[in-house]
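Novice: Below are the sequence and a predicted model for it; my questions follow.
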Amino acid sequence: MLFLDGVYVDYPHKVLRFVGGKTPSHEELTALVGTITRRVGCKLERDSKSGTSE
């Protein structure tokens, strides 16, 4: 799993600099978990109907 805490920015004539991202809010994390839950549920339903389990 990949968690991005920020990005490296290449400024002209300077070294790469890490710029941190903002921390997600409780509401953003709740929405993300809801999206993942729905997608996994749909995938499991499709797999059970087709007889596959990948």
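Specialist: Cool, the structure landed. On a predicted model such as this, the values are computed, not experimentally measured, just so you know.
Novice: Can you classify the residue in the chain sticking out farthest from the centre as helix, strand or coil?
Specialist: Each residue of the chain has a distance to the centre, and by Cα atoms, centre = their mean the biggest one is for residue 13: 32.5 Å. Going by DSSP: H, G, I helix; E, B strand; the rest coil, the secondary structure assigned to residue 13 is coil.
Novice: repeat for residue 31
Specialist: At residue 31 the chain is in helix, as set by three-state DSSP.
Novice: Need the per-residue pLDDT for it.
Specialist: On pLDDT, residue 31 comes in at 95.
Novice: Look up how far residue 12 lies from it.
Specialist: Residue 31 is 38 Å from residue 12, where distance means Cβ to Cβ, to the nearest Å. All C-beta atoms are positioned from the backbone trio N, CA, C, and that covers glycine.
Novice: Same drill for the two, tell me which one is more crowded.
Specialist: Taking neighbours as other Cβ atoms under 10 Å, residue 31 and residue 12 compare with residue 31 leading, 12 against 4.
Novice: what about this protein, any weak spots by pLDDT?
Specialist: The chain contains residues with pLDDT under 70 at 1-2, 52-54.
Novice: May I have the phi/psi pair for the closest residue to residue 16 other than its chain neighbours?
Specialist: Excluding the flanking residues, the one nearest residue 16 by Cβ to Cβ, 6 or more residues apart in numbering is residue 8, at 4.6 Å. As for residue 8, its main-chain torsions (degrees, to the nearest 10) stand at phi -100, psi 130.
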